[in-house]
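Participant: Sequence and computational prediction follow.
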Amino acid sequence: MDRYNDFSVDDFVWDDFFRQWALSPTPETDSLWDDWIDANPEMLGKVEQAKAVVLSLRLHEPDISDAEINQVVKRTVGRITEVDEGNLRSAGRRVPVFSIPWMQFAASIAFIMLLGWAVYSVMIKREEKPQLGQQDSMIEESNSFIEKTNTSSQTMQLDLSDGSRISLAPKGRIRYPERFEGERREVFLEGEAFFDIAKDADHPFLVYANGLVTKVLGTSFRIKAYGDSHEVTVEVKTGKVAVFAQSDPHLKEKVEDKQFKGVVLTPNQKIIYARDEVKMVKTLVEKPEMVVSKAEIPQFEFEDTPANEVFNTIAKAYGIDILYDETLLKDCPLTARLDSQTLHDKLNIICKAVESSYEIIDGQVVIHSKGCRN
Amino acid sequence: MDSTPSFSNDRLLWQDFLAGEVRAFEKLMSDNFRLLFQYGCKFSKDRELVKDSIQDLFLVLWEKRGNLNPDAAVKPYLMASLRRLMHRQVSSRAWVGGEALQEEDDYFDIEFSVEDEYIANEAIAVRSGQLEKLLNALPRRQKEVVYLKFFQELSREQIAEVMAISPQTVSNLLQIAIKHLKAHWKAGFLLFFLLHFLL
C-alpha cells in the first residue's frame, strides 16, 4: 500500500484498486484501506473526495426492459431451431460462399438489381399494397371494400353503413365493405381501434385481427392488434363478445353459429391472445369502469355491512364476477366509504380490512379469506 | 464487481452453447443482452438496429459454433464481435443511403453524468462536474478505452481484443486520456479555488 502515500485525488480516481474498493467494497478491501488510512491520517480528506468523485460519476446507459429482451431472445431461438431443421435436410452443403471472390462480385450485382427493384416497387407500385385480410376473407369478392389507414396523429372516426362507429387509432388500418350484405358483418383490422357496434342480432359483427376473430351482436369494445406485436388484446366496455383464433379447426361453425362459442368476454374483461402460442389469457381490463347507468350507481357507503354484501354491490356495479366463500365472509363486517377509488383500490381496502386477499383468475375476482370469527 | 463465479459460469455456458444446446444459447443471449445492447447503443442511436444486430450476432455465432474457441473470454468476445458487426452494418447502411461516412465512423456516443446523491459538498460537485465535461469531450477512441477500462472493467488485453488494436496501443491511449484528464482537471480545480477565495 506504500505506493499510495503520495497519491493525489485524481491519482486515486483513476486507480483500479481504489475504484474497486469505492464501487464494490468487500470486508477484505475495507479493512485494508481502513488500516492504511489509520496509518496515514493526512490522506483521509483526499480519499474521501476521490471516493465521492468515483461514486458520483456515472454512465448514462440506455434502458431496455426485460420484456423487450425476452422478445428478441425468443424470436432468435425460434430462428435457430427453424434453421436447424432446415440443415438436417441439406446437411453438409454449407460452404462459406462469400469468401469466393467472384461470388462477392456476383452478390454485388444481385444487390444492385435488388435495390433497383426495391426502388421501383416503392416509387411506382405503391398502390398495389396487398389488401388487409384478403387472403383469409370469408366474404364473397363481389362486394366493394373501403380501406382506410390513419396516417394522422389523431383518432379517425368512421361510420359504417349499419350505423356502427369505429374510432381508428393512429397508424391503424381497417377494411370494410361499403354496404354490409349477407348474413355477417365482417371487417379486417391491423393496429388499434375502438368499436361501437349497432345492435343487429341477425347479423353478427366479426372483426378479424392478426389471427384473432372477435364476434359480437351489438356492443362496444377495443382491439389492439399491432403488426409487429405478438399479442392481440380485446377489451370489452359494454355487451358481450366471443373471441376465437382464426386457426381454430371449428372456425366456420363458430363464425356461422347464432350462439356464442369460443371464449366469451363480458364488460371490463380483456383477453390477451398470444399469436405464436395460440393461447388466450382472460383477465380484467386495467381500469375497470362501472357498467350501470349514472342513476343506478350505488352509494358505496357501508356501515357494519357483511363483506359478502359489499362484494355483491361492487360486482353488480362493475358487471364482473366476484367469487368468495359466503359462510366465511358474512361474519366480516365492514365500515367504509368507497365511492372515489378505482375497482382495484376498493378491493384492496376491503381485503385489508377483513384480512383477506384477492386475485384475478380467468377474468373473475377470487377472494381468499380465512373468515373473521375467532 | 466480483467476476470469478460468473466467469466460470460463463465458461460452462459457453461450452454448452458450442455443443449445440439451445437452452445454453437462450441463456447466453439473455444474460448478455443488456450489456451488449448498452455497448451497441454507443455506435448507433437506432435501438431497433442495435437489437437486430445482437440477434444477427447470435445467429452467426450459432452457425459458426463448430469453429469457435472453447476457451474464449465470453464477455469481451461478444463485445468485439458486436462491434465488428455493427461497424460493417453502419457503414454499409451509410453507403446505401448515400450519407457521408466519416461521421458514422467516428461515432461513439456515451454520456457521463454526475449523481447528486454522492455529492457531499460544493468542491466535490465542481470536481465531478469538471471531470464529466472532460470525459465527454475526449476523442472517440480514448473515450472508448476509458469506457471499457473503468466502466466495463475489462483488462488491457480484453480491450485490445474488443477494439481490435494491440495491447500497447490500449496502454498508450489510456495514458494519453488519463494524463489529459488529470492535467485539465487540476487546472480547472485550481481556478475554482482561486475564484472561491477571491470572491
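Facilitator: The structure has been received and is ready for your questions.
Participant: can you map out the helices along chain A?
Facilitator: Using DSSP state H, the helices of chain A run over A:9-13, A:16-23, A:27-39, A:44-56, A:66-89, A:101-123, A:251-256, A:307-318, A:326-329, A:343-353.
Participant: Please work out which of those is packed deepest.
Facilitator: Comparing the helices of chain A by mean neighbour count (mean count of other CB atoms under 10 Å in any protein chain shown), helix A:9-13 ranks first with a mean of 21. Just so you know, the C-beta spots here come from the backbone N, C-alpha and C atoms, and that holds for glycine as well.
Participant: check whether that helix contacts chain B.
Facilitator: Yes. Applying CB under 8 Å from any CB of the partner chain, one finds helix A:9-13 touching chain B at A:9-11, A:13.
Participant: quick one: which of these is nearest chain B?
Facilitator: A:D10 (4.7 Å; CB to the nearest CB).
Participant: my guess is that closest one meets B:K182, correct?
Facilitator: Yes. With contact defined as CB atoms under 8 Å, A:D10 and B:K182 form a contacting pair (4.7 Å).
Participant: which stretch in the helices of chain A is the model least sure about?
Facilitator: In terms of mean pLDDT, the lowest-scoring of the helices of chain A is helix A:101-123 (a mean of 70).
Participant: could you give the mean pLDDT of stretch A:209-224?
Facilitator: Averaging pLDDT along stretch A:209-224 yields 84.
Participant: and it, how far from the chain's centre?
Facilitator: 16 Å (CA atoms, centre = their mean, to the nearest Å).
Participant: gap between the two ends of that stretch?
Facilitator: 8 Å (CA to CA, to the nearest Å).
Participant: Adding distance to B:K45, write the helices of chain A out as CSV.
Facilitator: Output for the helices of chain A, formatted as CSV (distance: least, CB to CB, whole Å):
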stretch, distance to B:K45
helix A:9-13, 29
helix A:16-23, 28
helix A:27-39, 38
helix A:44-56, 26
helix A:66-89, 17
helix A:101-123, 24
helix A:251-256, 44
helix A:307-318, 45
helix A:326-329, 56
helix A:343-353, 38
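Participant: near chain B, which residues of the stretch 51-200 of chain A show up?
Facilitator: Residues of the stretch 51-200 of chain A lying near chain B (CB under 8 Å from any CB): A:52-53, A:55-62, A:64, A:68-70, A:72-73, A:75-77, A:79-81, A:83, A:115.
Participant: thinking again about what came up before, go through the helices of chain A and name the closest to B:T169.
Facilitator: With CB to CB as the measure, helix A:16-23 is the member of the helices of chain A nearest B:T169 (19.1 Å).
Participant: Please save the CA atoms from the closest one in PDB.
Facilitator: The C-alpha atoms that make up helix A:16-23 are tabulated as PDB, following Å, rounded to 0.1, in the frame of the first residue of the first chain:
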ATOM      1  CA  ASP A  16      -8.000   0.300 -10.400                       C
ATOM      2  CA  PHE A  17      -7.700  -1.000  -6.900                       C
ATOM      3  CA  PHE A  18      -9.000   2.200  -5.300                       C
ATOM      4  CA  ARG A  19     -12.000   2.200  -7.700                       C
ATOM      5  CA  GLN A  20     -12.800  -1.400  -7.000                       C
ATOM      6  CA  TRP A  21     -12.900  -0.600  -3.300                       C
ATOM      7  CA  ALA A  22     -15.000   2.600  -3.800                       C
ATOM      8  CA  LEU A  23     -17.500   0.900  -6.100                       C
END
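Participant: Who's the closest spatial neighbour of A:G191, skipping the chain neighbours?
Facilitator: The spatially closest residue to A:G191, leaving aside those adjacent along the chain, is A:G172, at 3.2 Å (CB to CB, 6 or more residues apart in numbering or on different chains).
Participant: In the stretch 251-374 of chain A, mark out all the strands, start to finish.
Facilitator: Secondary structure of the stretch 251-374 of chain A (DSSP state E, counting those that start in this stretch): strands located at A:263-265, A:269-274, A:279-284, A:301-306, A:322-323, A:333-337, A:356-361, A:364-369.
Participant: can those strands go into a markdown table with extra columns for mean pLDDT, distance to chain B and mean neighbour count?
Facilitator: Shown next, in a markdown table, are the strands of the stretch 251-374 of chain A (pLDDT from 0 to 100; distance: least, CB to the nearest CB, whole Å; neighbours: other CB atoms under 10 Å in any protein chain shown):
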| stretch | mean pLDDT | distance to chain B | mean neighbour count |
| --- | --- | --- | --- |
| strand A:263-265 | 80 | 30 | 20 |
| strand A:269-274 | 82 | 18 | 20 |
| strand A:279-284 | 76 | 20 | 16 |
| strand A:301-306 | 88 | 45 | 13 |
| strand A:322-323 | 88 | 37 | 16 |
| strand A:333-337 | 86 | 40 | 15 |
| strand A:356-361 | 85 | 28 | 14 |
| strand A:364-369 | 86 | 33 | 18 |
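Participant: out of those, which comes closest to B:S53?
Facilitator: Using CB to CB, those put strand A:269-274 closest to B:S53, at 26.2 Å.
Participant: Dump the C-alpha coordinates for the closest one into CSV.
Facilitator: Listed next in CSV are the C-alpha coordinates belonging to strand A:269-274 (Å, rounded to 0.1, in the frame of the first residue of the first chain):
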residue,chain,number,x,y,z
GLN,A,269,-62.9,-8.2,-19.1
LYS,A,270,-60.0,-8.4,-21.5
ILE,A,271,-58.4,-11.2,-23.5
ILE,A,272,-54.7,-11.4,-24.5
TYR,A,273,-54.1,-13.7,-27.4
ALA,A,274,-50.5,-14.7,-28.0
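Participant: what angle separates it from strand A:356-361?
Facilitator: Between the axes of strand A:269-274 and strand A:356-361, defined by axes from the mean of the first three to the mean of the last three CA atoms, to 10 degrees, the angle is 50 degrees.
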